[in-house]
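[1] Structure of the sequence below:
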Amino acid sequence: MTLVRSKAMLIARLLAGLSPLIAAGCVMGPDYKKPEIAQPDTFRSAPLTPGEAASFADLPWWEVFQDPALGALIRTGLANNPDLAIATSRIEQARAIVGVAKSEGLPQIGYQAGAGGEKTVTPDEDGIGSVSFGSITGALNASWEIDVWGRIKRQTEAARAHLLAQEEVRRAVMLTLVSDIASNYFRLSQLDRELAISTESEGVFQKMHELFALRHQAGRDSRLPAERAQALWDSSRARSADLRREITQQENAISILTGGYPGPIQRGTPLTNQIMPATPPGLTTDLIRRRPDIRQAEAVMVGANAEIGAAVANFYPRIGLSTLLGLIGIDAEGGANGTFSFFRGLGGLTGPIFTGGRLESVYQERKAFWDEAVAGYRKTVLTAFRETSDALAAQEHLAGRRTALESQILALRRSVDLATERYRGGRASYFEVLEAQQQLYPAEAELAETQEAQLAAVVGLYKALGGGWKLTDEQWSGPAAQ
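    Numbers count the residues shown, from 1 in each chain. Alright, predicted model coming up:
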């Protein structure tokens with residue numbers, strides 16, 4: 001036992017002595033350098049002024065979307081959404097992969113044990129005899145690859161980059177979830193408003209039909225006005241039925257986003273009372289550090305660069321140490337009994353001579369993946385600028401459209417009043433009233449669509465700018481959860 005203990009101590013000293021060699025070893029492959037991508041000084045549709053360096057993407061989502069009912073839905077979604085749970089699980093998988101990669105650079109220690117017996121037939125003076133013996137073996141084995149060329153370091157670096165990418169995916173899922181719930185909620189508010197308009201038109205056209213029917217029965221008017229009013233009434237009822245169907249489907253979509261089964265959705269602030277927050281976009285240079293998908297794309301580049309280093313290291317020999325020490329106990333006939341120790345220590349070097357082009361192909365594949373990662377990063381940056389510009393353009397032009405529609409609706413309401421007065425004074429037929437009403441309700445529905453589009457543009461801009469980027473994962477759940 002003393003001999004085994006002394007040999008174990010010798011191995012420990014040897015491994016400790018090799019640590020400086022490992023630390024000073026080479027790391028093959030290029031070190032990561034972020035590609036330079038030129039960026040515009042301003043976002044299109046939003047010329048930057050000195051006072052607009054701050055961005056509303058710096059705000060947490062609950063300061064942007066202040067409707068209490070919407071806030072409750074977002075908090076529920078962040079707690080229960082299955083896509084977010086999937087993203088969280090993938091982070092844990094990536095973290096475990098980092099542990100696997102790091103473990104290759106550490107000593108691997110194992111054990112083995114065995115017991116057996118044997119009876120051997122042998123010739124002797126009396127003819128044929130036999131010898132029986134039994135043995136018990138116990139041993140420890142250890143091996144360690146000395147990472148002289150940095151292959152394991154590069155693989156660990158790639159695994160860490162994958163972990164960072166998955167963490168950014170999770171943040172992207174949270175931002176997308178908040179945006180999707182908000183967009184669907186505002187769409188639901190629009191449908192509610194359109195249903196109110198359609199229901200109002202139903203009542204108006206029903207009363208018109210009843211009035212014209214009475215006038216026709218009294219012989220004071222033809223049947224044509226009554227039939228026209230009937231057609232408009234039926235059209236409004238059909239539109240209301242469609243809207244109720246769309247509302248149910250929209251509620252189902254929101255329910256799934258919040259991680260629940262289809263069901264009714266609690267409403268809060270009506271569409272016409274929703275607050276339009278100020279939306280300064282901030283500096284273009286800040287967009288890259290705010291967007292989680294851009295940070296994810298950069299993490300992919302870091303991992304691709306590290307994989308090139310690992311591929312280069314595969315061309316060089318692997319240097320390792322291995323040892324085996326243990327005890328054998330023997331019990332044999334004839335008094336040949338005892339316990340024996342054994343020890344074996346080896347230093348090994350293995351390297352490629354001919355691999356049929358496999359290593360070269362792996363290296364070329366890693367380089368191609370790096371090129372792909374760089375192109376993907378550039379595409380992600382371009383997409384971010386496009387989405388931001390699209391949202392800013394929507395805000396810019398929808399404001400003018402809303403003003404024009406509000407003016408149109410005021411004019412149409414005045415025309416309805418004037419047509420009604422002319423009809424009552426006997427100076428016009430009721431077709432003028434029908435025509436005015438027929439134009440008013442579609443315009444009101446169009447205004448509701450525009451109001452929803454403005455809110456959707458705010459949501460889209462918040463998402464495009466990487467809104468909430470300063471929040472920690474715990475803070476994303478909202479103030480009530482902190």
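[2] From now on I want contacts and neighbour counts done on CA atoms only, so please keep to that.
    Noted.
[3] Identify the single longest strand in this structure, thanks.
    Counting by DSSP state E, the longest strand found in the chain is strand 127-146.
[4] and that one, what does it pack onto?
    Strand 127-146 sits against strand 108-124, strand 318-332, with contacts defined as 3 or more Cα pairs under 8 Å, 6 or more residues apart in numbering; DSSP states H and E.
[5] The ones you listed: lowest mean pLDDT?
    Mean pLDDT per stretch puts strand 108-124 lowest among these, at a mean of 81.
[6] Now do it against strand 127-146, angle only.
    Strand 108-124 and strand 127-146 are oriented at 160 degrees to each other (axes from the mean of the first three to the mean of the last three Cα atoms, to 10 degrees).
[7] what are the pairing partners of strand 108-124, and which direction each?
    Paired strands of strand 108-124, with direction, are strand 127-146 (antiparallel) (DSSP bridges).
[8] so how far is the partner strand off the chain centroid?
    55 Å (Cα atoms, centre = their mean, to the nearest Å).
[9] cool, and stretch 259-278?
    A distance of 23 Å separates the C-alpha centroid of stretch 259-278 from that of its chain, computed with Cα atoms, centre = their mean.
[10] what are the C-alpha coordinates of that stretch, in CSV please?
    Taking C-alpha atoms only, stretch 259-278 is exported to CSV below (Å, rounded to 0.1, in the frame of the first residue of the first chain):
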residue,chain,number,x,y,z
GLY,A,259,-49.5,29.9,-22.4
GLY,A,260,-53.2,29.2,-21.9
TYR,A,261,-56.0,27.4,-23.6
PRO,A,262,-58.3,29.4,-25.9
GLY,A,263,-60.6,31.7,-23.9
PRO,A,264,-61.9,35.2,-23.5
ILE,A,265,-59.4,38.1,-23.0
GLN,A,266,-59.8,40.9,-20.5
ARG,A,267,-60.0,44.3,-22.2
GLY,A,268,-58.5,47.5,-20.8
THR,A,269,-58.2,50.9,-22.5
PRO,A,270,-60.3,51.2,-25.7
LEU,A,271,-58.6,51.7,-29.0
THR,A,272,-59.6,55.4,-29.2
ASN,A,273,-58.1,56.2,-25.8
GLN,A,274,-54.7,54.4,-26.2
ILE,A,275,-51.7,56.6,-25.5
MET,A,276,-49.2,57.2,-28.3
PRO,A,277,-45.8,57.4,-26.5
ALA,A,278,-42.9,59.5,-27.7
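[11] For that stretch, which outside residues touch it?
    Under the criterion Cα atoms under 8 Å, 6 or more residues apart in numbering, residues 56, 64, 66-70, 76-77, 80-82, 186, 189-190, 193, 248, 251-256, 448, 451-452, 455, 458 lie in contact with stretch 259-278.
[12] Same check on stretch 151-159?
    Identification of contacts with stretch 151-159 by Cα under 8 Å, 6+ apart yields 27-28, 94, 97-98, 101-102, 104-105, 147, 302-307, 309-311, 313-314.
[13] Got a ChimeraX select line for the buried ones in these?
    Buried subset of the contacts of stretch 151-159, written as a ChimeraX selection, criterion 16 or more other Cα atoms under 10 Å:
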select :27,28,94,97,98,101,102,104,105,147,302,303,304,305,306,307,309,310,311,313,314
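[14] Tell me, please, the helix or strand in the chain that averages the lowest pLDDT.
    Ranked by mean pLDDT, DSSP states H and E, the weakest helix or strand in the chain is helix 2-23, scoring a mean of 51.
[15] which stretches of the chain have low pLDDT?
    1-25, 47-52, 121-131, 333-336, 480-482 (pLDDT under 70).
[16] Start from the N-terminal end of it and give the helices.
    Using DSSP state H, the helices of the chain run over residues 2-23, 61-64, 68-80, 82-103, 151-217, 224-257, 287-290, 292-313, 358-424, 431-464.
[17] Going by neighbour count, which residues in the third one are buried?
    Looking back up the chat, that one is helix 68-80. Buried-residue list, helix 68-80, by 16+ other Cα under 10 Å: Leu70, Gly71, Leu73, Ile74, Arg75, Thr76, Gly77, Leu78, Ala79, Asn80.
[18] Could you look over the helices and strands packed on strand 127-146 and pick the most buried one?
    Mean neighbour count (mean count of other Cα atoms under 10 Å) peaks for strand 318-332 among the helices and strands packed on strand 127-146, with a mean of 17.
[19] Using CSV, write down the CA coordinates of that one.
    Taking Å, rounded to 0.1, in the frame of the first residue of the first chain, the C-alpha atoms of strand 318-332 are listed here in CSV:
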residue,chain,number,x,y,z
ARG,A,318,-2.1,15.1,-29.5
ILE,A,319,0.1,14.6,-26.4
GLY,A,320,-1.1,12.8,-23.4
LEU,A,321,-0.3,11.0,-20.3
SER,A,322,-1.9,7.8,-18.9
THR,A,323,-1.3,5.7,-15.8
LEU,A,324,-2.6,2.6,-14.2
LEU,A,325,-1.9,1.5,-10.6
GLY,A,326,-3.6,-1.1,-8.5
LEU,A,327,-3.4,-4.3,-6.4
ILE,A,328,-3.8,-8.0,-7.2
GLY,A,329,-4.7,-10.4,-4.5
ILE,A,330,-4.0,-14.1,-5.3
ASP,A,331,-5.1,-17.2,-3.3
ALA,A,332,-3.8,-20.4,-4.8
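[20] Other residues contacting the longest strand of the chain?
    With contact meaning Cα under 8 Å, 6+ apart, strand 127-146 is reached by 22, 104-123, 318-333.
[21] how about Leu188, what does it touch?
    Ile247, Gln250, Glu251.
[22] Next, the contact list for the first one, please.
    The neighbours of Ile247, taking Cα under 8 Å, 6+ apart as the test, are Leu188, Leu191, Asp192.
[23] try 10 Å
    Applying Cα atoms under 10 Å, 6 or more residues apart in numbering, we find Ile247 in contact with Arg187, Leu188, Ser189, Gln190, Leu191, Asp192, Leu195, Ala241, Ala253, Pro264, Ile265.
[24] Also Ser45?
    Thr388, Ser389, Asp390, Ala391, Leu392, Ala393, Ala394, Gln395, Glu396, His397.
[25] how close does the residue nearest to the spatial centre of the chain get to Ala94?
    For the chain, Val173 is the residue whose C-alpha lies nearest the centre (Cα atoms, centre = their mean; 3.0 Å). Using Cα to Cα, to the nearest Å, we find Val173 at a distance of 17 Å from Ala94.
[26] I am finished for the moment; much appreciated.
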